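Novice: can you look at this prediction? I've put the sequence above it.
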Amino acid sequence: MSSLSLLSVGTILQGGKYRLDALLSQGGFGVTYRATHTLLHQTVVLKTLNLQQEPPKRIHDLGERFIQEAQRLAQFNHPHIVRVSDCFIEGGRPFIVMDYIPGRTLAQVIQEEGPLPEKTALHYIRQVASALELVHEHGLLHRDVKPDNIMLREGTDQVVLIDFGIAREYTTGVTETNTGLVSAGYAPVEQYLPRHQWTPATDVYALAATLYALLAGRPPVASILRDRVPLEDLRQFQPNLSQRTIDAIEVGMALDVRERPQTVRAWLQLLMGQSVARQTTATVAVMPQHRSTVFANTQPEGTAVVASPRQRNFSPWLWLLGTAIFGSLAGIGLGLFLRHQRVDTVTPPPPHPQEQAFPPTLPTVVPPVEMTPRPTPTPTPEPEPTPTEPTPTPEQTETPTPSPSPEEVSPGLTPTPPPSLSPTPPKPPKSAEPPVAPPPPLNHLHRHLRPRQHRQTQRRRDHLRQRVTLNRLPLRGCLVLKCS
């Protein structure tokens, strides 16, 4: 074990350059003295390692690293970082000379005054955070941030981060050996491990724990005990504490290093509300529950509105009504079309249909064409004979001059319209068919044609208006279409 013991007050170092005036603090890792620079007549602070329980080899290694890191700290020029003015080794002990800052540590402040107001505590923490950012930019970790190492300058509201006694250089992604020196309540779990990959998240935990202590008036539970003893609710000490500050402390003191902000700046933004505002904006864009619930409630209503008229539009009754209207219009159109065709119907007496042959002097008689108007209530028709096969005839050109309508003749004759404009020569009769009886004399037809012409025309128009199907009557003779 080491034979190095504590130095007594009044000890002269560096050939009379420094004189130890008082013991300021003693911890597991370091010892701090107030001293005087005899040449400049200035009060300074000397910090050395507490090596009473360390083996000689480890004392040498720790001493060299202590001096190297002190040399790097001497390059900092920041209002919230204590200035390092000198360093040396004497009697096997490493020493760091720093500016003396009159005032009290924050640990002394909360011990004397109790928990600090939230606004005051946040003001101090922001200053310490800016100092740690500079330290981390130079590849160093403080590793001992706590209220005891933060000085409040006398007569001001400015604080200074002091005691870089266990500060060390870190390399991202490289596992290094731990010194085993920790401050309970402020050191994260990884600082208790023998080997660990150091990151700025270690100082983030200590800074969040320091804020907890300033607001609660006492240190938080040690990290290695939090699996059994949870953190006390800060609202027990300050009921009006903002939720934003509580959330930032909980995130900064996460036991899993991966769940903490990885930089002091990121944690400080969370504490000041900047990251919270960013997170709120992202949550509104992706937000789940309320927006999706609105869509889920409105979607069925839109579907119901569309489905209801669709069922009414395609009702079977509407289909039947549309079909009836369409059939009625088709029947009327067909009746008008057949009316303007003005064709004659001839039904031969034999039971089998056959074509009629006429003398060359007589016009052609065409077979009957049945009109199919819209089915409506009609008088009971007489039984219809089998229709004859129609004789193909060319389409007739309709003329603007109206023609007389067919007329009812003797009981053995069918009403006939005026002669066709383009008579078609009849086909010669088939040899197998019997000859057709000659038509009656012309003078006989004339006696029945003219007296009833007007009456028959009016009757036929009435029948068409009532959409009555024309009945075919048996033909007992030939119809003369044109009188000479």
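Specialist: Thanks, I have the structure now.

Novice: where does the stretch 51-200 of the chain dip in pLDDT?
Specialist: Applying pLDDT under 70 to the stretch 51-200 of the chain picks out residues 52-54, 165-181, 196.

Novice: also the stretch 251-400 of the chain?
Specialist: Flagging of the stretch 251-400 of the chain using pLDDT under 70 yields the residue ranges 274-321, 334-400.

Novice: break the chain down into its structural domains.
Specialist: 12-99, 105-284, 359-393+402-425+439-484 (automatic domain parsing).

Novice: ok, for G10, nearest residue in space, not its chain neighbours?
Specialist: L20 (6.3 Å; CB to CB, 6 or more residues apart in numbering). Backbone N, C-alpha and C define where each C-beta goes, glycine included.

Novice: helix or strand for the one you found, just tell me which one.
Specialist: Following DSSP states H and E, the helix or strand that holds L20 is strand 18-26.

Novice: ok, that strand: who's next to it in the sheet?
Specialist: Here strand 18-26 has these sheet partners by DSSP bridges: strand 12-13 (antiparallel), strand 30-37 (antiparallel).

Novice: average pLDDT for it?
Specialist: In this model, strand 18-26 has an average pLDDT of 93.

Novice: buried residues in it, which are they?
Specialist: 18-21 (16 or more other CB atoms under 10 Å).

Novice: ok, which pair from those is furthest apart?
Specialist: Farthest pair in the buried residues of strand 18-26 (CB to CB) is Y18 and D21. Separation: 9.6 Å.

Novice: what touches both of these two?
Specialist: Here Y18 and D21 share the contacting residues 35-36, scored by CB atoms under 8 Å, 6 or more residues apart in numbering.

Novice: where along the protein do the helices fall?
Specialist: For the chain, helices defined by DSSP state H occupy the ranges 56-73, 106-113, 118-137, 201-216, 243-252, 264-272, 274-286, 289-313, 316-341, 442-449, 453-465.

Novice: what's the fourth one packed up against?
Specialist: Under the contact criterion of 3 or more CB pairs under 8 Å, 6 or more residues apart in numbering; DSSP states H and E, helix 201-216 touches helix 106-113, helix 118-137, helix 243-252, helix 264-272.

Novice: closest to S183 out of the ones you listed?
Specialist: helix 106-113 (10.8 Å).

Novice: for R226, which non-adjacent residue is spatially closest?
Specialist: Counting by CB to CB, 6+ apart, the residue nearest R226 is L255, at 6.3 Å.

Novice: hmm, I typed the wrong one, I wanted V109.
Specialist: In this structure, V109 finds its nearest non-sequential neighbour in L152, 6.1 Å apart by CB to CB, 6+ apart.

Novice: then R235?
Specialist: That would be L241: by CB to CB, 6+ apart, it lies 5.7 Å from R235.

Novice: try V229
Specialist: Counting by CB to CB, 6+ apart, V221 is the residue found nearest to V229 once chain neighbours are left out, at 4.9 Å.

Novice: who's in contact with the one you found?
Specialist: 185, 229-232.

Novice: G92 and L62 touch, don't they?
Specialist: No. With contact defined as CB atoms under 8 Å, G92 does not reach L62; the gap is 11.0 Å.

Novice: compare those two and say which is more crowded by neighbours.
Specialist: Taking neighbours as other CB atoms under 10 Å, G92 and L62 compare with L62 leading, 18 against 13.

Novice: how close does that one sit to I96?
Specialist: L62 is 13 Å from I96, where distance means CB to CB, to the nearest Å.

Novice: kindly report the same for V189.
Specialist: 29 Å.

Novice: of the two, give the one with the bigger neighbour count.
Specialist: The neighbour count for V189 versus I96, taken as other CB under 10 Å, is higher for I96 (27 against 18).

Novice: mind listing what L20 touches?
Specialist: Contacts of L20 (CB under 8 Å, 6+ apart): 7-13, 33-35, 46.

Novice: run a quick neighbour tally on the nearest residue to S242 once chain neighbours are set aside.
Specialist: The shortest distance from S242 to any non-neighbouring residue, by CB to CB, 6+ apart, is to E118 (6.6 Å). By other CB under 10 Å, 17 other residues sit near E118.

Novice: E118 contacts R244, correct?
Specialist: No. Counting by CB under 8 Å, E118 does not reach R244; the two are 10.0 Å apart.

Novice: spit out the contact partners of L270.
Specialist: 247-248, 251-252, 261, 276.

Novice: including neighbour count, could those residues go into a markdown table?
Specialist: As requested, those are arranged in a markdown table below (neighbours: other CB atoms under 10 Å):
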| residue | neighbour count |
| --- | --- |
| D247 | 13 |
| A248 | 25 |
| V251 | 18 |
| G252 | 27 |
| P261 | 21 |
| V276 | 16 |
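
Novice: max pairwise distance over those residues: which two?
Specialist: With CB to CB as the measure, no two of those lie farther apart than G252 and V276, at 13.6 Å.

Novice: gap between L268 and G252?
Specialist: 10 Å.

Novice: didn't Y100 look like it was pressed against V44?
Specialist: Yes. With contact defined as CB under 8 Å, Y100 counts as touching V44 (5.4 Å).
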